[in-house]
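Q: Predicted model, plus sequence, below.
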Amino acid sequence: MRVRSSVFASFCLILEVLSVALFLRGFFPVPVKSSFSSKSKLSDLPAEPFTGSSPNLSKVPDPLFKRVVIVLIDALREDFVFGPNGRKYMPYTRHLVERGSTHSFVAKARPPTVTMPRIKALTTGSIPGFIDVVMNLNSPALLEDNLIWQAKTAGKRMVFYGDDTWVKLFPKHFMEYDGTTSFFVSDYTEVDNNVTRHLDSTLKRDDWDILILHYLGLDHIGHISGPHSSLIQPKLMEMDDILKKIHGSLILKETEGALPYLLLLCGDHGMSETGSHGGSSAHEVNTPLVLISPTFKRKVGMEKPPTVEQVDLTPTLALGLGLPISQNSVGRLIQPVVEEASLRDQLRFLHLNGHQLSCLLKDSMPAYEKEEGYEQFRVAEKSHGNWLKLVVEGNTSEVLNSMGKKVLKQYLEALRVMSAALSKQMGKYDMYSMVVGVVLVFQLLLLLLLAMPEALSGASEVDLPVSSALLSLPFYLLCLLLFSVHMLVCTSAESACYFCSLSWGLVFGAVALSSALLCILVSMAARKGAKPPGKSPSRASGSGWSLSELDILLLAGTAGHTLSLSASSFVEEEHQVWYFLLNTLCLVVFQDVCRKYFRERSANIGVIGCSEDEDCLPPSKEGDAVASPLTDLGVTGADSERWLALATPLLTLACCRLLRSLNQTGVQWVHLPDLGHWLNSSEHKTVLSLLAAMSLALIYFLVQRRCSLVSKIALALGLLGVYSYRAAVGNVVLPWQHSSGNMSKGTMKARFVYVFILGIFFTGSKDLLRSQVITADARLKSRGLWEIYSGVVLLVALLFRAHNLPVLCCCLLVQSLMAQFIWKKLHYDAAQTTIMHYWFGQAFFYFQGNSNSIATVDISVGFVGLESYVEAPAVFLTALSTYAGPLLWASHLICYLSSENRSSVAVGHGCYCLALLRSVPAAAYVVLVTALRYHLFIWSVFSPKLLYESMHTLLTAAICLFFTTMEQSRSSSRP
């Protein structure tokens, strides 16, 4: 069966996306959970350990606090409270930390540092799975044993105001609640006012036991303008005043002889230097934890706060409220919180925590008895029993007190070791689903590699032996064998397996696909081996396979980048690899240009009538002048074009060097100041405004030349709307704007731009449909593609932050210069051009400020033009902005290859090369993360990169489908 290269590549990529999805489902583990379906109950708590036959009736510990108020400030970094600016940002809180009855800690959150997994960690004490990053957008109800459920079961009356994630996780748990949308990051005022407006009336009432307040404004400011914004201090002072009001109210309501209150200040995660979160940098994982209660000793000065795990808060609050600890909690009691209790009560609390951890250890580890922490707990429990026997007998000697303190230390050490062991075993991988995904991905990669000579041939078609494979005996034998393996694995698996839970129809499809792919691979390999050496297909020229210096660089660079993914440092600093490859590519292209216009000059003499003193260019094609941006400036003639061709690689190098200074990315040097920080500071707003205006003007000049008159007008008005939107949100200033104090969401101005974007898309789509259905006009089709491309450029300009507009400007400038003076003049084929586009796309992904950390995903762009959070457009806009670099270069590639003066098979070749370029690192990386699944940095470094690779593969599959449509259009338009 013969299929076009583009159809073949698209089919392989779609199957690869499904295979990677299956791998992801198996790779991201199910968190460690107890095998008991029921939740912890007070009646299930063990008695105090007692040596001897006399039973002890003290089973339920008394609560330490009557009322608890939790003030959770989203994205509160520990240095906002404990750092040098703490006295300026939160003076009252800092005074309490230094002189009040408080305990202060640095609570360390585990990645991923996003809100929903952190709330789960705070309430369940477990470490959520990394896939909760995706679930963060739409939080389902939490069915796992948790602190909120335990409090409700115990009759605690709870009130909640703030992030509606809590309401989704705990429906029908709160006596009173008012949720606010957490994803509309443009709002940092009303989102907090909606919480504070309830405070006065709630604090006056006595009908609640637990009050939870989740403030989002600080997090939204971070997403908008970063941790060093001028908006940070006013917001933190507002939070400080709120804490002061709550503390004062609790003091007034305190009565003598009653249980004390507990006021708790914490953050769910921190904030990176760029204002985002999700990664594992110190500023993202370190959050302040301040516990305020009259039962604590008054501090006498500022002390360095010790570090605890964020999950340690769960057992601490549970025991402090007299509740059972959640079954799946891996946290340990924060001992200073209970140090004012009697020694017997302290040991009782530690024993309950140790018992819960030991039960979880039994469920999650078959050889739990050999675990060091379990053995230490048993020793401590036995010592506790002996000590308790002496206490019951009335012994009050000093030796007994020393013995009790020794038991306490034994408990603390046992808890530390057991908690660490459970935290390391974050979950159980679904290895069967992972292996099936890896096998399918590698089969598809081998299929793409074996089809390379045919896919890049002059016919641009691949002959797939599908019929012979499906009708062969080995195919049916393989199906039976794989089905037998499947049944054996599923019936003998001790833990749940996603692939085993699929319907038999889907399993049959996967088994048949894998068997067919294997038979096709064997058949194609045998066919290649049997073919005479002189009959091998060649790329469109038919002159055999020969590698130039550029080809060697492109192949070696692609392979080298894939190999570099095996090191965590290279993954963290991947942008350095692409910057190096891009610089090297520019130098090799410069060498090709010099060879073309200087070393081969003598070969041109006399060919087209050149004299010895002239450097001759190959004759330009008719379409070149139309597409050239320099024609508009009057730059014509062979001499001018020659020097511009020589200058293009050097100008590209200069642009790349400038863009590297615009956004610091990666991990090691992301904290260093960059040009973007300088431009975004309030004192340089005028400079940023001029730069943004110049960038938008140059964007219009570079894009408009290929558009119709209507699209040119829409593009000009749209770019004016982009500047107006940025002025409305306070990023830039207008000439008549004297103050930047009046900021708005700019919703109407953004929608104004969307109207022009849709108009440009409509005009381009109309031209494409006419070229397909009504007339076979290649020029009309090319204009339609360029107009759609200009619509994408306008949309990206709207989504990019003001300081990133030069990135878009340089992207368009490099594309125009390379297309006019390099790819056309040096006659690079479609494969070479595609690889260069791919490299540029990857480099511009990092020029935007992206990295392989989730923290660099700018979710604020998902709300441009929206009044409230709407999931579908928010996800689409965020993904589009994140992958704007690769998308723009892929869009330019299809426009360039589809131009009327290109070969009819160029689009097919480009689509195939794009699919292969994406498949090689994706296949290598799934094998890599499988091998490194127990690596120290698997969750902080390799897992986020896996999500990026998966999303990039999905985007490339969509682009290849568009390639296929354009090639179909070309083939149908030929007479």
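A: All right, it came through fine.

Q: Helix, strand, or coil at residue 107?
A: strand (DSSP: H, G, I helix; E, B strand; the rest coil).

Q: So that it lines up with my notes, have the first residue be 142 from now on.
A: Got it, the first residue is 142 from now on, which makes the last one we talked about residue 248.

Q: who's it bridged to?
A: Counting by DSSP bridges, residue 248 forms beta bridges with residue 428, residue 449.

Q: I figured it hits residue 447, correct?
A: No - contact criterion CB atoms under 8 Å: residue 248 and residue 447 do not qualify, at 10.3 Å. Every C-beta, even on glycine, is put in place using the N, C-alpha and C of the backbone.

Q: Please identify which of those two sits among more neighbours.
A: More neighbours surround residue 248 than the other of residue 248 and residue 447, with 26 against 11 (other CB atoms under 10 Å).

Q: What score does the more buried one have for pLDDT?
A: Note on residue 248: pLDDT of 94.

Q: Quick check: the gap between it and residue 619.
A: From residue 248 over to residue 619 the distance is 53 Å, taken as CB to CB, to the nearest Å.

Q: how many neighbours does the residue nearest to residue 399 when sequence neighbours are not counted have?
A: Excluding its sequence neighbours, the residue lying closest to residue 399 (CB to CB, 6 or more residues apart in numbering) is residue 207, at 6.0 Å. Neighbourhood size, residue 207 [other CB under 10 Å]: 14.

Q: next one: phi and psi at residue 349?
A: Main-chain dihedrals, residue 349, degrees, to the nearest 10: phi -140, psi 160.

Q: Who are the contact partners of it?
A: Contact analysis of residue 349 by CB atoms under 8 Å, 6 or more residues apart in numbering lists 208, 298-300, 316-317, 343.

Q: what packs against the longest helix anywhere in the chain?
A: When the chain is parsed with DSSP state H, its longest helix is helix 1084-1114. Helix 1084-1114 sits against strand 143-145, helix 146-168, helix 919-940, helix 1025-1038, helix 1047-1072, with contacts defined as 3 or more CB pairs under 8 Å, 6 or more residues apart in numbering; DSSP states H and E.

Q: want to throw those into CSV with distance to residue 957, mean neighbour count and mean pLDDT?
A: Below are these laid out as CSV (distance: least, CB to CB, whole Å; neighbours: other CB atoms under 10 Å; pLDDT from 0 to 100):
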stretch, distance to residue 957, mean neighbour count, mean pLDDT
strand 143-145, 30, 16, 89
helix 146-168, 26, 23, 93
helix 919-940, 12, 24, 90
helix 1025-1038, 9, 24, 93
helix 1047-1072, 19, 24, 93
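
Q: Same list (these) but as TSV, adding distance to residue 720.
A: Shown next, in TSV, are these (distance: least, CB to CB, whole Å):
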stretch	distance to residue 720
strand 143-145	36
helix 146-168	27
helix 919-940	21
helix 1025-1038	13
helix 1047-1072	17
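
Q: So which of those is nearest residue 339?
A: Smallest distance to residue 339 across the helices and strands packed on helix 1084-1114 (CB to CB): 35.1 Å, for helix 919-940.

Q: follow-up on the earlier one: pull the most distant pair out of the contacts of residue 349.
A: Pairwise distances across those peak at 15.2 Å for 208 and 317 (criterion: CB to CB).

Q: And the two? Which one has more around it.
A: residue 208 (20 against 15).

Q: quick one: that one and residue 491, what's the gap?
A: The gap separating residue 208 from residue 491 is 25 Å, by CB to CB.

Q: same question, residue 1008
A: 51 Å.

Q: swap in residue 412?
A: As judged by CB to CB, residue 412 and residue 491 stand 34 Å apart.

Q: got it, and residue 952?
A: Counting by CB to CB, the separation of residue 952 from residue 491 is 60 Å.

Q: my guess is residue 607 meets residue 661, correct?
A: Yes - proximity of residue 607 to residue 661 meets the contact threshold set by CB under 8 Å, at 6.7 Å.

Q: Tell me which of the two has more neighbours.
A: In this view residue 607 and residue 661 are compared by other CB under 10 Å, and residue 661 has more residues nearby, 22 against 14.

Q: Doesn't the more buried one lie inside a helix?
A: Yes - judged by three-state DSSP, residue 661 forms part of a helix.

Q: That one and residue 588 touch, don't they?
A: Yes - here residue 661 lies in contact with residue 588, judged by CB under 8 Å, at a distance of 6.7 Å.

Q: Please enumerate the helices of the stretch 442-591 of the chain.
A: Here the stretch 442-591 of the chain has its helices, by DSSP state H, counting those that start in this stretch, at 454-461, 484-505, 513-533, 539-565, 572-591.

Q: can you check the stretch 242-391 of the chain too?
A: For the stretch 242-391 of the chain, the helices defined by DSSP H, counting those that start in this stretch occupy 256-265, 273-276, 288-294, 306-310, 331-337, 340-345, 358-366, 373-393.

Q: Output the ones you listed as JSON lines; include the columns distance to residue 625, mean pLDDT and mean neighbour count.
A: Formatted as JSON lines, the helices of the stretch 242-391 of the chain follow (distance: least, CB to CB, whole Å; pLDDT from 0 to 100; neighbours: other CB atoms under 10 Å):
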{"stretch": "helix 256-265", "distance to residue 625": "39", "mean pLDDT": "85", "mean neighbour count": "26"}
{"stretch": "helix 273-276", "distance to residue 625": "34", "mean pLDDT": "57", "mean neighbour count": "18"}
{"stretch": "helix 288-294", "distance to residue 625": "44", "mean pLDDT": "92", "mean neighbour count": "21"}
{"stretch": "helix 306-310", "distance to residue 625": "43", "mean pLDDT": "88", "mean neighbour count": "22"}
{"stretch": "helix 331-337", "distance to residue 625": "57", "mean pLDDT": "89", "mean neighbour count": "18"}
{"stretch": "helix 340-345", "distance to residue 625": "64", "mean pLDDT": "92", "mean neighbour count": "13"}
{"stretch": "helix 358-366", "distance to residue 625": "52", "mean pLDDT": "87", "mean neighbour count": "25"}
{"stretch": "helix 373-393", "distance to residue 625": "62", "mean pLDDT": "94", "mean neighbour count": "18"}
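
Q: can you redo those helices as a markdown table with distance to residue 233?
A: Output for the helices of the stretch 242-391 of the chain, formatted as a markdown table (distance: least, CB to CB, whole Å):
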| stretch | distance to residue 233 |
| --- | --- |
| helix 256-265 | 24 |
| helix 273-276 | 34 |
| helix 288-294 | 27 |
| helix 306-310 | 26 |
| helix 331-337 | 16 |
| helix 340-345 | 16 |
| helix 358-366 | 16 |
| helix 373-393 | 4 |
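
Q: Out of the ones you listed, flag the one nearest residue 416.
A: Judged by CB to CB, the one of these that comes nearest to residue 416 is helix 358-366, at 3.8 Å.

Q: So what touches the closest one?
A: Counting by CB under 8 Å, 6+ apart, 214-217, 256, 325-330, 332-333, 370, 372-373, 376-377, 379-380, 412, 416-418, 821, 870, 999-1001 sit against helix 358-366.

Q: Kindly write the PyMOL command that selects the buried subset of these.
A: Here is the PyMOL selection string for the buried members of those, based on 16 or more other CB atoms under 10 Å:
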select buried, resi 214+215+216+217+256+325+326+327+328+329+332+333+370+372+373+376+377+379+380+412+416+417+418+821+870+999+1000+1001
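
Q: mind listing which of the contacts of helix 358-366 are in strands?
A: Filtering those for membership in strands, criterion DSSP state E, returns residue 214.

Q: Compare residue 1008 and residue 491 and say which one has the larger neighbour count.
A: Between residue 1008 and residue 491, residue 491 has the larger neighbour count (other CB under 10 Å), namely 27 against 13.

Q: Having no further points to raise, I will conclude here.
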